[in-house]
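Undergrad: Predicted model follows, preceded by the sequence.
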Amino acid sequence: MRHARTSLSRRNTVVASLMLGLCLLGGQSQAATAEKTLLDYKYFRTLCIDLLGRMPTEQDLQEFERPDFNLESWIDAHLSGEAYADRLTRIYSDLLRPQTVSFQVGTNRNTLARILIKDDTGKDTWVYYRPGQRRARHAQVPKTTDPTYPQWNNLTKAGFCLLESETGLKYPDINAALPPTGTAKPVDKAVLDQHTVVVKPWWLYADYKSSSPADRYNVTTWPTRFPGYTLNNELLKESDGKTDTMQIRVCKEEAGTVAAAPMDTAPTTTLDCRTGYGVSNSQGCGCGPGLELCMPAANFLASQPRAAFVSSRNTLLGVDDPTDAQAFEYRTWQSLWVGEEPQVFFYNLFLEDRDFRDVLSAKYTYVNGPLAQFYKLSARSNWNDKDLGSTSLPSPDAMPANLTPHDLMNWQKVDAGPSASGILTMPLFLFKYATRRSRAHAVYNMFLCRDFVAPAGLLLPPSKESDLMKREGCAACHQTLEPLSAYFARWVENDWNFLDPKLYPAQNDACKQVGGKIPASCNARYDNIFSTPTTGMLRGAYASVENTDLGAKGMAEYLTHRADFGPCVAQNVAESFLGRSLGTEDSALRDQMTTALIEGGYRVKPLVKVLLQSQQYRSANNLSSTVWRSGVTP
């Protein structure tokens, strides 16, 4: 599995190689044989950079200069390893652009806000709570017309487990983003014991799942044990900013550890506690052992979390050797690892020389500790369906038991489920390319090397035609784009929420038009414009109901069976290695690379070998920068 790409221990080797490589620019080494020309040395240097990730060392040159040196065997031997896998991963990372900004994920169902109260001794104490949590006290809330209803404001407005009469604090409407008002008073011990408990949370303890956690965060030893995992002071200290936090007080329901619990209003119905629906409808659904399903907001307002972790976005030398340090609130922390998932997927695919078509069709993925934690609840926390159906996300049950949220460097392969389809169903792809059309366009460009470009002189006259495949001017692109975007109709836009066909059929008679309009309850998922008096049409499905039902797997089949799929792989790899666009003079090379890919079972290694032995690659670095800038190609 993939760890850090380049470790600190390799720095000296890299620097030494750079110095030696610079010497090569001036000519051959003293030990050079007569058979080796300067061009041979440049070619070998380029091979070392691409396959080894560094300039050639003195030992490499000695091997190269041996009379019995076999270049083809040397290439075969080095078409593997971390540097080679990294080199190819960068090609598709550049195309995918996996970096993403922080995303909002169910802020009231997977997040622990906190409020500062006074305990029974008068000591300031944080009480952590999940605003979207269903509580036992909800059953006691009077009707809104009852004069005592405002006394329950802390529970009804903020989801807090302690009332104003018990704390002296009144929590305003959570949407107002205002802190509690009033003067804190000591909370009676019996009230504290009834509604709250003490927990040693996952972010502070490595052994949080044990009955008596003792392995607390240590600023000296944890950087070695868990490289990259660093806590911000907000979570390490009590409210005085000086006292070490050894445990936290949390509302009692959040401390629940079961994976499923009965629905409060329908006890015969069992809910999955690893979904947003379960959290908000069952008091038995807690945050799991050590609160591992929930993320600390370090703030009174869950939707405005404060910094909890310290990490880096600049990791040229590897995640374990960052070149900067930034404070991350939990959403940017999770988005960091969601962005890493497709890169680790590519890396391991190239490292293991797997069928490249897995990129679009694989039923597996890779997770580290934070990503496994994300898939246990956060990824599903904003979904409101009681039955999530055949979601395309990995199941919480598929997460490795030995991975904790502190394991940043340990990536493990997991089953992604029957509805998964490689990167097409990864949260990063679905979130970054937020609309159905942008998703279709992204893969059309990335895997077919094609784009949607309007013909020169195309006019777009005013039109009331809703069908873009028919609208004059728009049809030039949308006759192709709309059916392709239908493959993604089951994934909600700006989200990775999956609409299961048994719950949301593409054509739904229950959502048919009555009096020219579909029922209000259908508006979120069905499109009135393309619905009829006989059936409702799922949003985005109008161009091809068949493609909608095939889903991402259908898109993968479409792409990989296209005649331009193989040539596009060849083009992407060649242009990256050569540092230029391919022209008509490179058509023979592209055809040879495509043949090698297909005949090799769509493994990329044979394709790369053809490229590395080509004349285009040999001469790719033979021109000076001045000549390159003038537009001349070798």
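TA: Right, received. Where do you want to start? Residues are numbered from 1 along each chain as shown.
Undergrad: Might one say that residue 499 is in contact with residue 493?
TA: No - at 11.2 Å, residue 499 and residue 493 do not qualify as touching, with contact defined as C-beta atoms under 8 Å. Glycine gets a C-beta too; all of them are placed from N, C-alpha and C.
Undergrad: got a pLDDT number for residue 263?
TA: Residue 263 carries a pLDDT value of 96.
Undergrad: cool, and residue 32?
TA: Value for residue 32, per-residue pLDDT: 45.
Undergrad: Equivalent analysis for the one 4 residues further on, please.
TA: At residue 36 the predicted local confidence, pLDDT, stands at 87.
Undergrad: I'd like to know how far it sits from residue 178.
TA: As judged by C-beta to C-beta, to the nearest Å, residue 36 and residue 178 stand 75 Å apart.
Undergrad: Pick out whichever of the two has more residues nearby.
TA: Higher neighbour count among residue 36 and residue 178: residue 36, with 18 against 12, using other C-beta atoms under 10 Å.
Undergrad: Assign a three-state SS to that one, would you?
TA: Judged by DSSP: H, G, I helix; E, B strand; the rest coil, the three-state class of residue 36 is coil.
Undergrad: Could you do residue 346 as well?
TA: helix.
Undergrad: For it, which non-adjacent residue is closest in space?
TA: residue 89 (4.5 Å; C-beta to C-beta, 6 or more residues apart in numbering).
Undergrad: again with residue 209
TA: Residue 209's closest residue in space is residue 289 (C-beta to C-beta, 6+ apart), at 4.7 Å.
Undergrad: before we move on, what about residue 505?
TA: Per C-beta to C-beta, 6+ apart, closest to residue 505 is residue 538, 7.3 Å.
Undergrad: How about residue 454?
TA: Per C-beta to C-beta, 6+ apart, closest to residue 454 is residue 476, 5.8 Å.
Undergrad: Where does the one you found sit, in terms of helix or strand?
TA: helix 475-486 (DSSP states H and E).
Undergrad: And the next helix-or-strand element following that helix, what does it pack against?
TA: Using DSSP H and E, the helix or strand that follows helix 475-486 in sequence is strand 507-508. The contact analysis (3 or more C-beta pairs under 8 Å, 6 or more residues apart in numbering; DSSP states H and E) places strand 507-508 against strand 536-538.
Undergrad: same thing but 6 Å
TA: Taking 3 or more C-beta pairs under 6 Å, 6 or more residues apart in numbering; DSSP states H and E as the contact definition, strand 507-508 has no neighbouring helices or strands.
Undergrad: List the contacts of the helix or strand just after it.
TA: Counting by DSSP H and E, the next helix or strand C-terminal to strand 507-508 is strand 526-527. Contacts to strand 526-527, defined as C-beta atoms under 6 Å, 6 or more residues apart in numbering, come from residues 511, 518, 536-539.
Undergrad: mind listing what the residue nearest to residue 505 touches?
TA: 489, 506, 526.
Undergrad: Then residue 441?
TA: Neighbours of residue 441 in contact, by C-beta under 6 Å, 6+ apart: none.
Undergrad: The same query, at a cut-off of 8 Å, please.
TA: Residues counted as contacts of residue 441 (C-beta atoms under 8 Å, 6 or more residues apart in numbering) are 433, 451-452, 481.
Undergrad: before we move on, the earlier item: neighbour-wise, which of residue 499 and residue 493 wins?
TA: residue 499 (21 against 17).
Undergrad: Skipping its backbone neighbours, what lies nearest that one in space?
TA: Closest residue to residue 499 apart from its sequence neighbours, by C-beta to C-beta, 6+ apart: residue 490 at 4.7 Å.
Undergrad: surely that neighbour meets residue 504?
TA: Yes - under the contact definition of C-beta under 8 Å, residue 490 touches residue 504, with a separation of 7.4 Å.
Undergrad: So those two - more neighbours on which side?
TA: Ranked by neighbour count (other C-beta under 10 Å), residue 490 and residue 504 place residue 490 first, with 27 against 21.
Undergrad: ok, that one to residue 148 distance?
TA: Counting by C-beta to C-beta, the gap from residue 490 to residue 148 is 46 Å.
Undergrad: before we move on, what about residue 465?
TA: When residue 465 is compared with residue 148 (using C-beta to C-beta), they lie 58 Å apart.
Undergrad: Compute the number of surrounding residues for the spatially closest residue to residue 387 that is not a sequence neighbour.
TA: Distance criterion C-beta to C-beta, 6+ apart; nearest residue to residue 387, sequence neighbours excluded, is residue 503 at 6.6 Å. Using other C-beta under 10 Å, residue 503 has 15 other residues around it.
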